[in-house]
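**Q** Model the structure of this input:
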Amino acid sequence: MAKDVLCEVNSCKFWAAGNKCAASSIYVVNNRGNQASNSGETDCKTFEPKI
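**A** Here you go, the predicted structure:
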């Protein structure tokens, strides 16, 4: 499993310094049917906006 997850979405509450994701788990889904063929066809469902 990945030990460091990088993320540039600084509007997410899990974003941490150094473009790190501080969430305890990550949930990524396919947004284009049954099989994604590139990263643009996936979405991070872990995202929560900073308040």
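**Q** can you give me the strands for the chain?
**A** Counting by DSSP state E, the chain has strands at residues 15-16, 20-21, 28-30, 42-44.
**Q** of those, which approaches Cys7 most closely?
**A** strand 20-21 (4.3 Å; C-beta to C-beta). Bear in mind the C-beta positions are built from the backbone N, C-alpha and C, glycine included.
**Q** Contacts for the closest one, please.
**A** The contact list for strand 20-21 (C-beta atoms under 8 Å, 6 or more residues apart in numbering) reads 4-7, 12, 14-15, 46.
**Q** give the contact list for the spatially most central residue of the chain.
**A** With distances taken as C-alpha atoms, centre = their mean, Cys44 lies nearest the centre of the chain, 4.0 Å away. Listed by C-beta under 8 Å, 6+ apart, the contact set of Cys44 reads 7, 9, 26-28.
**Q** what's the spacing between it and Glu8?
**A** 11 Å (C-beta to C-beta, to the nearest Å).
**Q** before we move on, what about Gly33?
**A** 26 Å.
**Q** now Ala23
**A** Taken as C-beta to C-beta, the span from Ala23 to Glu8 is 14 Å.
**Q** Just want to know which of those two has more residues nearby.
**A** Ala23 (18 against 8; other C-beta atoms under 10 Å).
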